[in-house]
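**Student:** Output the structure for:
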Amino acid sequence: MELEGVLLSGFNELEEIDKNAVNRVLGEYMKKMKRHHDFKQLHIHIKKNIKGKVELFEIKANLQARKVLSSSVEGYNPYKTLAEVLENLMKELEHEHTRNIRASPREL
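**Tutor:** This is a model prediction of the structure:
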């Protein structure tokens, strides 16, 4: 899945079924983000670790907007972990947007 402004790394480690689910989650969040916020690039890196007999996914994301916003989460389910990372970024974007509105003088 090609999304404009999105750079994915480490996703080759995922199984095909996980890649499809991750693409769906990413596509939905990208629609939400682009609808409400302006940003230049989103870089997402996934790393699969083995803890004992269990796979643990570490997902890090950097979003380049007016400033760089970052989020990092570890979890056992790659798409839920990705959703949590993207939700964190959306909250940060909203916070920055609100902060910028309050900081800029109102035009009469």
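
**Student:** Give me the most central residue, the chain.
**Tutor:** The centroid of the chain falls nearest to Leu86 when counting by C-alpha atoms, centre = their mean (3.5 Å).

**Student:** That one reaches Lys31, doesn't it?
**Tutor:** No. The pair Leu86 / Lys31 is not scored as a contact, 11.2 Å apart, by C-beta atoms under 8 Å. In this view, the C-beta of every residue, glycine as well, is placed from N, C-alpha and C.

**Student:** The longest helix belonging to the chain - contacts with which helices or strands?
**Tutor:** Counting by DSSP state H, the longest helix found in the chain is helix 78-103. Judged by 3 or more C-beta pairs under 8 Å, 6 or more residues apart in numbering; DSSP states H and E, helix 78-103 is in contact with helix 16-36, strand 41-51, strand 54-64, strand 68-75.

**Student:** switch the cut-off to 7 Å
**Tutor:** Other helices and strands packing on helix 78-103, by 3 or more C-beta pairs under 7 Å, 6 or more residues apart in numbering; DSSP states H and E, are helix 16-36, strand 54-64, strand 68-75.

**Student:** Please point out which parts of it sit buried.
**Tutor:** Neighbour counts over helix 78-103 (16 or more other C-beta atoms under 10 Å) mark 78-79, 81-86, 88-90, 92-93 as buried.

**Student:** With stretch 10-24 instead?
**Tutor:** Buried residues in stretch 10-24, counted by 16+ other C-beta under 10 Å: Phe11, Leu14, Asp18, Lys19, Ala21, Val22, Asn23.
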